[in-house]
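>>> structure for this input, please:
(2 chains)
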Amino acid sequence: MEESLWVAILIAAMRTATPLILAALGELIVEKAGCVNLGVEGMMLVGAVTGFAVGLTTGNFALAFVVAAVAGAVLSMVYAALVLIFQVNQYAAGLSLTILGGGVSAFWGQPWQGQNMTGLQPTVIPGLSDLPVIGTVFSRTDIVTWAALAACVAVALVLTRTRAGLILRAVGENHDSAHALGYSVRGVRTLAIAFGGAMAGMGGAYLSCVMTPLWIEGMTAGRGWIAVALVVFATWKPARVVLGAWLFGAVSVMQIHGQAMGLAVSSHILAMLPYLVTILVLVLISRDATRIRLAAPGSLGKPFKPA
Amino acid sequence: MMNRRTLLSSSTAALGLGLTATVIPANLRAQEKLKIGFVYSSLIGDAGWTFMHDEGRLMLEAEFGDAIETAYVESIDGGADAERVVRQFASQGFGLIFGTSFNHMNPMARVAEQFPDVKFEHATGYTQLPNMAIYHVRDYEARYLLGMVAGSMGNSLGVVASYPIPEVVRGINAMTAGARSVNPNFTTKVVWISTWFDPGLERTTADALIDQGVDVLAHFTDSPAVVQAAEDRGKYVVALGAMDQYGPKSHLTAMVYNWGPYYVERTRAVLDGTWASSNTWEGISRDMLTISPLNAAVPADAGAAVTAKQEEMRTGAFHPFAGPVLTNTGEEKVAAGAVADDGMLLSMDFYVEGVEGALPS
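Model prediction:
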């Protein structure tokens, strides 16, 4: 294969991975705080429709991503209220959020359905774009792709190197001890859930403003679920989330190119391949049971009833 | 006209009406308007499948005016939801009910058995009952024309395909045959994505096909993502339904289902009392299918050739799978002078000459 094709595959893989990285990093923080929010798909859809609406009417994509983040965070507060105040089962609350988000986005989205928009264009950095290969990659990727990587570094640093991260992990590890120490378990979890909603909203906006600049009901097509699965298979480690998302993107794109080149393998097996390879690699690199137990938040999924 | 909300809110009132209807003599009831219900699988705004069915419904209203009344319910996929909606139509005195998605077949058949006096029509399925007719479209005829347009604008086609079922394989073969009729060296690349709807994956696939050098794209999937890809990357696309607003420069033409004439015909049959259950599989000849106006980029003589071929299909002088039909491995499937029969068309499991690769089993 020629070099240009490899570059094209790399760029497409990064684009495929970006919404997954954004949503999965948000879910990672939520789970590190001890909550499982299965509503990622719903929050992504709400982010997608609001992001598209703002992008189309104002042409300002920074604003579009901010509004999408706010919309995702607002929707996540439904989950926060159910789980933190009414002690509803976390899995049921998350599922209902997915259904609610799907319905709400379809309802809001009706006026935007069938509208066309010029999406967010790649950022051209003078000088950098002239370099071979790297320059091509830079000149054909958008700023959100790089922001998602920066977010991964930030999430990892905050979790392991700051006091806020320590408190967050303490709340997720053992909410009773954290409560006894005087930390507000509900407060920390509310913030974590809002962050998760905001990141999922931006993941959705990436789809409707960058990848396919349009709005259609249900356009996330299951990416929220892939994000949730990525967090678990990455054993709650931000760098592995990115690795998993890239792997998923790379295998997805490579199997498409393989088919276009006439590779004679069943399309059903090829469609399965990205999931299979991602799970296999992540399971292999994190097969140490003790380490998984250490990485998994101790209070994950358990209801918190302050005494 | 009614939508889902008014239909639901009027259901209690309709229950009362249903009771009074039983005491009205039959000769008086016959003068009531014929009520026609449509069940849609997605939103009318999807620009594709449901949009085109609704165009047919609007044609009914324009044709029959006050003699009929139509109602529709959107976003009904199948299963219990579909059965509830069909039953509601049937019990509210609707005389003719159209189910427009494959998934409506079993729910509709169950209701049809309980309402022998109501006429049912189901699109794309295979279950036919004495009061439930089935109808579908020979979409390969329009696909052949799409191929001719593609062949006059480029040397290769990239297909974003859903599932390797006969209907899709037939469409790919028809496009390739059409393209090769005007451009003998034309080739087709196919990528199967195992879904009807995933805008992100559709876009990624379209981009990959363009990266591999195809000149024209085609898709069997539902979203306009492929049209956007062609527009962004300066390539062409032959599309589906009403998606031209996504590709002013790239959108060459699209396959358009034209359900209106069939709906008018069947409604007239109910009004005349001549309706009988039937199995309809027709295309350009019965005006159930057409292609949208060609993009200005298509040369006039190419456009004229497409129109001429469309007329030949209308009169039956031309069949897209007229022999000799060879597979891409050189095996003869249809001999010179013969045409593919419906059995072969309905179970098509081979690629014709010009399609690259092997059909996944």
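>>> any residues of chain B in contact with chain A? List them.
B:42-43, B:45-47, B:75, B:158, B:164, B:189-195, B:197-205, B:207-209, B:211-212, B:223-225, B:228, B:245-246, B:356-358, B:360-361 (C-beta under 8 Å from any C-beta of the partner chain). C-beta coordinates here come from the backbone N, C-alpha and C atoms, glycine included.
>>> how many other residues sit next to whatever residue of the stretch 251-361 of chain B ends up closest to chain A?
Among residues of the stretch 251-361 of chain B, the one nearest chain A by C-beta to the nearest C-beta turns out to be residue B:357. It sits 3.5 Å away. A count of nearby residues for residue B:357, using other C-beta atoms under 10 Å in any protein chain shown, gives 18.
>>> could you do residue A:251 as well?
The burial metric for residue A:251, expressed as a neighbour count using other C-beta under 10 Å, is 21.
>>> now do residue B:329
9.
>>> could you check the pLDDT of the closest residue to the residue of the stretch 251-361 of chain B closest to chain A other than its chain neighbours?
With C-beta to C-beta, 6 or more residues apart in numbering or on different chains as the measure, residue A:262 is the residue that lies nearest to residue B:357, at 3.5 Å, once sequence neighbours are left out. Looking at residue A:262, its pLDDT is 84.
>>> what sits against residue A:262?
Under the criterion of C-beta atoms under 8 Å, 6 or more residues apart in numbering or on different chains, the contact list for residue A:262 reads B:189, B:356, B:357, B:358.
>>> for residue A:14, which non-adjacent residue is closest in space?
Of all residues beyond its chain neighbours, the one nearest residue A:14 is residue A:145 (5.3 Å), with distances taken as C-beta to C-beta, 6+ apart.
>>> is that neighbour in a helix, a strand, or coil?
Local secondary structure at residue A:145 is given as helix here, using DSSP: H, G, I helix; E, B strand; the rest coil.
>>> low-confidence stretches in chain A?
Within chain A, the segments meeting pLDDT under 70 span A:1, A:307.
>>> quick one, helices of the stretch 1-150 of chain A?
Counting by DSSP state H, counting those that start in this stretch, the stretch 1-150 of chain A has these helices, from start to end: A:3-32, A:40-58, A:61-80, A:90-109, A:134-140, A:143-161.
>>> now the residue nearest the centre of chain B. Its backbone dihedrals?
The residue at the geometric middle of chain B, judged as the C-alpha nearest the mean C-alpha position with C-alpha atoms, centre = their mean, is residue B:257 (4.8 Å). Its backbone dihedrals place residue B:257 at phi -80, psi 140, with angles given as degrees, to the nearest 10.
>>> what's near enough to touch it?
By C-beta under 8 Å, 6+ apart, the contact set of residue B:257 is B:49, B:52, B:53, B:137, B:139, B:241, B:288, B:289.
>>> and with 10 Å instead?
With contacts defined as C-beta atoms under 10 Å, 6 or more residues apart in numbering or on different chains, residue B:257 is in contact with B:48-49, B:51-53, B:55-56, B:123, B:136-137, B:139, B:142, B:240-241, B:283, B:288-290.
>>> surely residue B:280 is within a strand?
Yes: checked against three-state DSSP, residue B:280 lies within a strand.
>>> pretty sure it sits against residue B:262.
Yes: when contacts are counted by C-beta atoms under 10 Å, residue B:280 is listed as touching residue B:262 (6.9 Å).
>>> which of those two has more neighbours?
Neighbours per residue, other C-beta under 10 Å: of residue B:280 and residue B:262, the larger number sits with residue B:262, 22 against 16.
>>> just say helix, strand or coil for the more buried one.
Going by three-state DSSP, the state assigned to residue B:262 is helix.
>>> the spatially closest residue to it that is not a sequence neighbour: how many residues sit nearby?
The shortest distance from residue B:262 to any non-neighbouring residue, by C-beta to C-beta, 6+ apart, is to residue B:288 (5.6 Å). If you count neighbours by other C-beta under 10 Å, residue B:288 ends up with 26.
>>> got the contact list for residue B:288?
Counting by C-beta under 10 Å, 6+ apart, residue B:288 makes contact with B:56, B:135-139, B:141-142, B:257-263, B:265, B:280-282.
>>> okay, it and residue B:228: tell me how far apart.
Separation of residue B:288 from residue B:228 (C-beta to C-beta, to the nearest Å) stands at 28 Å.
>>> same check, this time on residue B:284
Here the distance between residue B:284 and residue B:228 works out to 29 Å (C-beta to C-beta).
>>> which of the contacts of residue B:257 fall in helices?
Secondary structure from DSSP state H places B:49, B:51, B:52, B:53, B:55, B:56, B:139, B:142 of those in helices.
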